[in-house]
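S.K.: got a predicted structure plus its sequence, pasted below:
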Amino acid sequence: MNERPSIEEERNAALLSWYADHRRLLPWRGSTDPYVVLVSEMMLQQTQVSRVAAHFEQFLARFPTVEDLAAAAFTEVLTAWVGLGYNTRAKRLHDAARRIADEGWPTDAAGLEELPGVGPYTAAAVASFAFGHQVAAVDTNQRRVLSRWHGEVLTGSGLESVVQDHLPADAATWNQAVMDLGALLCRPHRPDCAVCPVSDWCAGPEIATPPRPQARFEGSVRQARGMMIRMLVRHPATLDELADETGLDPDDLEDVLLGLEADGLIVIDDEDDTVRIAD
């Protein structure tokens with residue numbers, strides 16, 4: 001006598017069937033090259049998929065392998081990164097590439113997490129998508145979806161336990177499916193429950209609180225940092241030139257420059273007040 005499928009098995013079957021027909025066609029999807037996966041995941045941190053898609057293929061055309069990226073000057077990397085924002089990610093990706101070129105690829109999530117700029121989610125994503133490990137890549141979308149399924153906000157060990165109960169044999173496909181469900185239907189605001197393939201096994205969307213709106217970009221420190229990086233990838237500049245370009249007053253200019261210097265993105269020459277991109 002056949003046992004009736006569990007709720008998790010029924011839900012996963014419906015989810016994966018929907019994903020087979022509705023998955024997003026993204027330029028990095030389907031690749032098991034760890035370099036391709038790492039570049040895409042680093043770009044996707046805090047950045048919309050549409051913006052990443054516009055830069056991803058150009059970046060890989062310029063740096064087709066991890067060795068090419070490692071050998072490049074940081075100015076070249078930043079030049080290719082301009083437009084994606086959060087430029088410290090470019091620095092960390094470049095540093096990670098140099099370590100990989102020297103030491104080889106870590107092949108599990110724990111080893112990958114030791115790379116610069118690689119946190120638990122990115123490590124799990126590379127381990128799953130590139131190396132076939134049976135690990136869940138829990139991002140904001142996945143946490144929201146699973147919380148709604150179970151009718152409670154899941155965090156910490158509770159979230160980890162639920163994820164392990166749900167994870168099917170093909171973790172990579174399931175990870176992508178949950179991400180797409182969260183991005184396309186189970187959105188933070190106005191989820192489309194009427195066409196959701198797993199609504200029969202879901203407690204409802206009320207449980208997951210939408211994230212706080214991102215701080216205003218216009219006039220922010222982030223905007224000033226981006227303006228300076230775009231100027232400096234073209235050529236070094238003096239403090240006066242940066243002040244003229246950005247319109248910042250001296251105190252704000254100093255704060256932004258010190259932040260960029262602390263992040264390893266720029267070097268300030270105290271002798272002639274010239275600022276350049278770090279090597």
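M.R.: Looks like it arrived, so ask away. Computed from a prediction, not measured in an experiment: that's the story for all the values here. Numbers count the residues shown, from 1 in each chain.

S.K.: name the helices or strands packed onto whichever strand or helix holds residue 121?
M.R.: Assigning secondary structure by DSSP states H and E places residue 121 in helix 120-129. Counting contacts by 3 or more CB pairs under 8 Å, 6 or more residues apart in numbering; DSSP states H and E, helix 120-129 is packed against helix 34-44, helix 109-112, helix 171-184. Yep, even glycine has a C-beta here, placed from its N, CA and C like the rest.

S.K.: for the shortest one, buried residues please.
M.R.: Judged by neighbour count (16 or more other CB atoms under 10 Å), helix 109-112 contains these buried residues: 109, 112.

S.K.: what residues does it touch?
M.R.: Residues outside helix 109-112 that contact it (CB atoms under 8 Å, 6 or more residues apart in numbering): 106, 118, 120, 122, 123, 124, 126, 127, 133, 135.

S.K.: next, count neighbours for the closest residue to residue 121 other than its chain neighbours.
M.R.: Distance criterion CB to CB, 6 or more residues apart in numbering; nearest residue to residue 121, sequence neighbours excluded, is residue 139 at 5.2 Å. Look at residue 139: counted by other CB atoms under 10 Å, it has 20 neighbours.

S.K.: and if you look at the one 10 residues further on?
M.R.: Burial measure for residue 149: 22 neighbouring residues, criterion other CB under 10 Å.

S.K.: what's the helix or strand for it?
M.R.: helix 140-150.

S.K.: what sits against the nearest residue to residue 124 once chain neighbours are set aside?
M.R.: Closest residue to residue 124 apart from its sequence neighbours, by CB to CB, 6+ apart: residue 137 at 4.2 Å. For residue 137, the contact set (CB under 8 Å, 6+ apart) comprises 121, 124, 125, 128, 129, 175, 179.

S.K.: what residues does stretch 89-105 touch?
M.R.: 34-35, 38-39, 42-43, 45, 66-67, 69-72, 74, 77-78, 81, 84, 115-118, 263-265, 278.

S.K.: buried sites along the helix holding residue 121?
M.R.: For helix 120-129, the neighbour count (16+ other CB under 10 Å) marks 121, 122, 123, 124, 125, 126, 127, 128, 129 as buried.

S.K.: do stretch 185-201 as well
M.R.: Neighbour-count burial for stretch 185-201 [16+ other CB under 10 Å]: 185, 186, 191, 196, 197, 198, 199, 201.

S.K.: first to last residue in that stretch, what's the distance?
M.R.: Stretch 185-201 stretches 15 Å from its first residue to its last (CA to CA, to the nearest Å).

S.K.: next one: stretch 148-163
M.R.: Using CA to CA, the end-to-end distance of stretch 148-163 comes to 13 Å.

S.K.: ok, now stretch 21-40?
M.R.: Taking CA to CA, stretch 21-40 runs 23 Å from one end to the other.

S.K.: ok so, going back, helix or strand next in line after the helix holding residue 149, which one?
M.R.: Taking DSSP H and E, what comes next after helix 140-150 is helix 156-166.

S.K.: how far away from the center of its chain is that next one?
M.R.: Relative to its chain's centre, helix 156-166 lies at 22 Å (CA atoms, centre = their mean, to the nearest Å).

S.K.: quick revisit: tell me the most buried of the helices and strands packed on helix 120-129?
M.R.: Greatest average neighbour count among the helices and strands packed on helix 120-129 goes to helix 34-44 (a mean of 23), per mean count of other CB atoms under 10 Å.

S.K.: touching that one from outside, list them.
M.R.: 26, 28, 31, 52, 55-56, 59-60, 65-66, 69, 84, 89, 92-93, 96-97, 105, 117-118, 121-122, 125-126, 129-131.
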